[in-house]
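Enquirer: Give me the fold of what follows.
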Amino acid sequence: MVVARGVHGPFVLAVCAEMVFRDLPIVERVRRLTRLDVQVEIWDWTKHDIDALVSLRDEGAVYSSMTGYVRGGLVEPSAVADLLATAEKSIPVAKRLGITRLNLHGTGLGGDGLPVVPVEKTTGAMWLAARDTLVRMAELGAKNDVVFVLENLNLAVDHPGVPFARADDCLALVQAVDHPNLRLMLDLYHAQIGEGNLIDLCRRALPFIGEIQVADVPGRCEPGTGEINYPRVAAALAESGYRGTVGLEGWPSGDDTAAVERFRAAFGVKEGW
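Expert: Sure thing, here's the model as predicted:
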């Protein structure tokens with residue numbers, strides 16, 4: 001029996017190539033992660049040689065997700081137009097890489113992770129506009145057989161000024177749209193900073209989760225370096241029936257390979273899930 005890349009117990013494991021082996025070119029990062037038997041996530045595809053990344057699929061690399069737009073936002077009309085236009089440009093790239101999950105945020109982010117247009121307060125009208133935009137994104141996904149995933153962020157440390165940032169905010173929007181081509185990218189690092197109560201959050205969000213991302217708190221490093229009991233979270237996810245992708249989106253606390261191995265160990269749920 002052929003086992004798919006990155007399958008470890010009940011989960012498919014992926015690692016963000018933007019955050020590990022950063023002393024190496026992106027092609028070599030992908031090769032390292034492939035040898036470690038995990039799938040690969042990337043961010044902004046416009047910053048990479050896509051031909052080179054595609055060629056690595058012949059070496060066994062599997063790409064899990066990528067940012068599904070280049071610029072834009074969920075509310076202001078010109079930002080919505082940019083979001084839809086750049087999402088349409090992103091889809092053919094995703095297809096070449098074999099990616100079916102494309103990541104979205106509450107607004108466009110700059111290179112430092114800060115919002116291009118920060119928001120102090122989200123109004124009711126903004127919520128309705130965001131819902132309507134996400135309906136259009138879901139329809140675009142259905143037309144092209146991809147799933148857009150809306151990622152929660154944290155306001156306190158990494159992403160101040162982002163609207164619809166909390167996990168409960170993103171879940172509410174995804175539930176309001178209720179379309180199979182729009183799902184939640186549940187980032188537990190961000191959720192721990194903003195909300196906590198992670199196991200309950202995972203259980204509530206389970207029907208709408210497209211992928212789960214992880215890193216420990218504080219520091220945004222691999223599981224086992226902070227306060228989150230990731231082996232218990234992993235067990236609860238398995239017990240709840242989650243069989244999807246878990247992606248490490250964190251910085252190595254030391255050796256990169258060891259960080260990936262610690263991530264794999266934390267989510268290596270044993271027999272009898």
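Enquirer: Going by C-alpha atoms from here, please, whenever you check contacts or count neighbours.
Expert: Noted.
Enquirer: mind listing the helices for this protein?
Expert: Remark: helices assigned in the chain by DSSP state H are 26-35, 50-55, 77-97, 124-144, 167-177, 188-194, 198-205, 230-240, 256-266.
Enquirer: The ones you listed into CSV, with extra columns for mean neighbour count and mean pLDDT?
Expert: Formatted as CSV, the helices of the chain follow (neighbours: other C-alpha atoms under 10 Å; pLDDT from 0 to 100):
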stretch, mean neighbour count, mean pLDDT
helix 26-35, 20, 98
helix 50-55, 15, 98
helix 77-97, 18, 98
helix 124-144, 18, 98
helix 167-177, 20, 98
helix 188-194, 23, 97
helix 198-205, 17, 98
helix 230-240, 18, 97
helix 256-266, 19, 98
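Enquirer: out of these, which comes closest to residue 154?
Expert: For the helices of the chain, the distance to residue 154 is smallest for helix 188-194, at 4.8 Å, taking C-alpha to C-alpha.
Enquirer: for that closest one, the distance to its chain's centre please.
Expert: The chain centroid and the centroid of helix 188-194 are separated by 13 Å, computed with C-alpha atoms, centre = their mean, to the nearest Å.
Enquirer: can you check stretch 214-221 too?
Expert: 15 Å.
Enquirer: And that stretch, end to end?
Expert: Taking C-alpha to C-alpha, to the nearest Å, the first and last residues of stretch 214-221 lie 9 Å apart.
Enquirer: Stretch 209-229 too?
Expert: Criterion C-alpha to C-alpha; first-to-last residue distance in stretch 209-229 is 20 Å.
Enquirer: got the contact list for it?
Expert: Residues outside stretch 209-229 that contact it (C-alpha atoms under 8 Å, 6 or more residues apart in numbering): 101, 149, 183-189, 192-193, 230, 244-253, 259-260, 262-263, 266.
Enquirer: hmm, back to that, just send the helices of the chain back as TSV, with distance to residue 224 too.
Expert: Output for the helices of the chain, formatted as TSV (distance: least, C-alpha to C-alpha, whole Å):
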stretch	distance to residue 224
helix 26-35	20
helix 50-55	31
helix 77-97	31
helix 124-144	35
helix 167-177	22
helix 188-194	13
helix 198-205	16
helix 230-240	7
helix 256-266	7
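Enquirer: Could you point out which of those helices sits nearest residue 42?
Expert: Closest among these, using C-alpha to C-alpha: helix 26-35, at 9.5 Å.
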